[in-house]
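*Asks:* Please find the sequence and the predicted model below.
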Amino acid sequence: MVISSQPTSIDRKLSKVEGIKDRSNLLREPMASEVLLDTTHFTEDSIQLLKFHGSYQQDNRDNRVRGQEKDYSMMLRTRTPGGFVPPQLYLTLDRLSDQYGNHTMRITTRQAFQLHGILKKNLKQTIAEIVHNMGSTLTACGDVNRNVMSPAAPYHNRPEYDLARTYANNVADLLTPQSGAYYEIWLDGEKVVSGEEDPEVVAARKRDINGSNIEGSIEPIYGPHYLPRKFKICVTVPGDNSVDLFSQDLSLVVLTNEQGELEGFNVFAGGGLGRTHNKEETFPRLADPIGYVDKADVYDLVKAIVATQRDYGDRSDRRHSRMKYLVEEWGVEKFRAKVEEYFGQKIAPSKPLPQWKYLDFLGWQQQGDGKLFLGLAVQNGRIKDEGDFKLKSALKRIVERFNLPLKLTPSQDVILFDIDPADKSKIQAILDRAKIARPTKIDPLARYSMACPALPTCGLATTEAERVSPSILARVRSLLDKVGLPNEHFFLRMTGCPNGCARPYLAELGLVGNGPNTYQVWMGAAPNQTRLAKVYLEKLNIDDLETVLEPVFTYFKKERQLGESFGDFCDRVGLDAIHQFAST
C-alpha cells in the first residue's frame, strides 16, 4: 500500500507556502538564482525556501527610515542535534559572528546557535564555512523536522544519557531531507559529510513502511511537498524534563534494563505552543502518551508518525497546520490507530515513568569518567562581550586553549565538557577575570528565566523581550522583596509575540507580547513543565507591572502552602480567586 502525500482538506485551497514548495524543484528555485544576484534581500518565495536551508531574512526595525530601503540581514541557525558543538565548529561560529555577523552568538531554546546580522552577499560563504567545519544549517528551520533535542548533561556513567544523545542524532539523520539542493546552492555541489550515518538509520529511511515512504520520490519520507508545518522532536531519559518534552510534536523517552541496556522508548506526541492572539482556534497543547515501542522498531514508528502528519495535517491554513491540532481533533485513539496503519503493528501500552523534574546542569560537576563538565548560565542565550563582561572572549580563549567541546542546553545555557581536573582552576580564573558569575551567585529568578530575541529583528515581534528582560526581572525581584518574599523564585518566560519561542505557556509566569509595550499575562504552569499556564490578563501595559503583580504576590505569600511553588499555588487556588483578591 502506498499513500500519497496529499492534504486532508483536498477541497480547500492550499496555502501560499504549499504552492511555493510545489514550484521549488525540491527547495531550489527561485532561491538558487537569487543567491547569485547583487541584491540586498530575497523575494517572498525565496524567503520561504530559505528557512529549509537554516536562515530567516530579517530587517532591523531600529534602523528603518521612511522612504529608504529596509536594513536587511539574515539570521542563520545551526543544526546541532542534542546541542553538541565540537571545538572546531564553535571557533568557526565565533569568528563568523565577528566577520559577517553582529559580534554575538545566540543559543536557542532548541539547543542550536543563531548568528544574526549576516548580509545576503555573505550568506553563501558563511554557510560554506560552517559546513566545512563540522556543522550544518540544513533543516534548522522550515516545514521539516527541526533540531532534535536531548538532555545536555554529558554524563558518561549513566548509559541512558548516552543513548538519548545517540538517538537524537540518529533521528535527525533519519529525517534529513535527501534533496541535493542544500549542497548545490551553498557548496557548489560538494557534499561534505561530518560523520557516517548509522546503518540502521540508512536502512530505515529506505524501507517502505506500509506506505509511509513516498514511492519513487527523491524525498522518501517527506515527499515533494515536505510537511504541512515545522515538526519538533526530542529524546530524553526518565525523569529529565530539561527538554520540555510536552511541548514537542514527538518525544521519545529512553528505557533501559538494570544493566543499562536499551530496551525501547515511551512515545509522546501532539505537543506544541504556538498560537495567535484573538484566534481561539489556535492554542498551546501538551503532548499525549502514545505508547511504547521496542528499540528495533523505533525508526519505523518515527516515520509512521511523521507520515501521518504529512498526509493528514492541514495544508490549507498554516495557523492550523501543526500536528497538535490533528491529535486534538481526532483524539488520541484515532491518531494512534492511523499511526498503527503506517507502522504495520499495534503500539504497546506505555511503561511506568518516574516524576518529571526540571534540571539545568549548571556549575562544576563530575562527568563520570574522571573528567569534569561546567555549566554556565547565559542570560537569554546571548554570548557577547559588553563592558567588563567578556563571555564571548572567555569562551573563545577556553575552547582554543583546552580544545573543549560544548553542549547547548534547552534553557539557553552552555556546558563545557571533557575537562581535565587539572585545568579546573585555570578555566575558572579565565571566567572570573571575564566577570562571568558563578551559578550560585546568580539570582534564581534570572537563572530560570528565558526570553526570545523579539525586537528589533524578529518580523513577528510586536514588542520587546530579550532587551527588556533584565529590567523586568529586576522589577519583579524588587516587588517580591517588597511583599516579603526575598528568597522566592519561579520560572518567568517572556516573548515578543504569541508564537511561544521561549515557551512562555509552560512558565509559572509568562509575559507574551500583545502590542507595543503590552503583554498578555499567563500564570500557573508547573515548575517541572508538565502543566500549561492559563491567561490571567489579556493586556498588561508594562508600566503597570507592579500594580498588577503586587496583589498577586501578596495573596501568594498569605495563602501558599508549605513549600508550594508560585505556579502550583496559582493552579490550586485558581485565577478567579486571584482576581477576586486583587480587586478587593
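*Replies:* Great, that's in hand.
*Asks:* Find the nearest non-adjacent residue to Glu18, please.
*Replies:* Arg315 (5.1 Å; C-beta to C-beta, 6 or more residues apart in numbering). For glycine as for every other residue, the C-beta is placed from the backbone atoms N, C-alpha and C.
*Asks:* what's around the one you found, how many residues?
*Replies:* Arg315 has 28 neighbouring residues, counting by other C-beta atoms under 10 Å.
*Asks:* Could you double-check that it sits in contact with Arg322?
*Replies:* No: checked against C-beta atoms under 8 Å, the pair Arg315 and Arg322 is beyond contact range at 11.9 Å.
*Asks:* element containing the residue nearest to the spatial centre of the chain, please.
*Replies:* Among the residues of the chain, the one closest to the centroid is Arg110, at 2.6 Å (C-alpha atoms, centre = their mean). Assigned by DSSP states H and E, Arg110 falls within no helix or strand.
*Asks:* Apart from its neighbours in sequence, what residue is nearest Thr282?
*Replies:* Thr282's closest residue in space is Arg275 (C-beta to C-beta, 6+ apart), at 4.2 Å.
*Asks:* Let me know the distance separating the one you found from Thr495.
*Replies:* Remark: distance between Arg275 and Thr495 (C-beta to C-beta, to the nearest Å) = 11 Å.
*Asks:* Between those two, which is the more surrounded one?
*Replies:* Applying other C-beta under 10 Å to Arg275 and Thr495 shows that Thr495 carries more neighbours, namely 32 against 19.
*Asks:* what residues are up against the more buried one?
*Replies:* Residues near Thr495 by C-beta atoms under 8 Å, 6 or more residues apart in numbering: Ala451, Cys452, Ala454, Ala465, Cys501, Ala502, Pro504, Gly510, Leu511, Val512, Gly513.
*Asks:* Give me the pLDDT value at the fifth one.
*Replies:* Think Cys501. Per-residue pLDDT puts Cys501 at 95.
*Asks:* residues near Leu421, how many?
*Replies:* Just so we're on the same page, residue 421 is Pro rather than Leu. Using other C-beta under 10 Å, Pro421 is surrounded by 12 other residues.
*Asks:* Now do the contacts for the closest residue to it other than its chain neighbours.
*Replies:* Excluding the flanking residues, the one nearest Pro421 by C-beta to C-beta, 6+ apart is Leu372, at 5.8 Å. Neighbouring residues of Leu372 by C-beta under 8 Å, 6+ apart: Trp364, Gln365, Gln366, Phe417, Ile419, Asp420, Pro421, Lys424.
*Asks:* can you tell me which two in the residues you listed are farthest apart?
*Replies:* By the measure C-beta to C-beta, Gln365 and Asp420 form the most distant pair in the contacts of Leu372, at 14.6 Å.
*Asks:* In terms of packing, which of those two has more residues around it?
*Replies:* Gln365 (16 against 13).
*Asks:* Check which helix or strand that one maps to.
*Replies:* strand 363-366.
*Asks:* just to revisit the earlier point, show the pLDDT at the residue nearest to Glu18.
*Replies:* Value for Arg315, per-residue pLDDT: 98.
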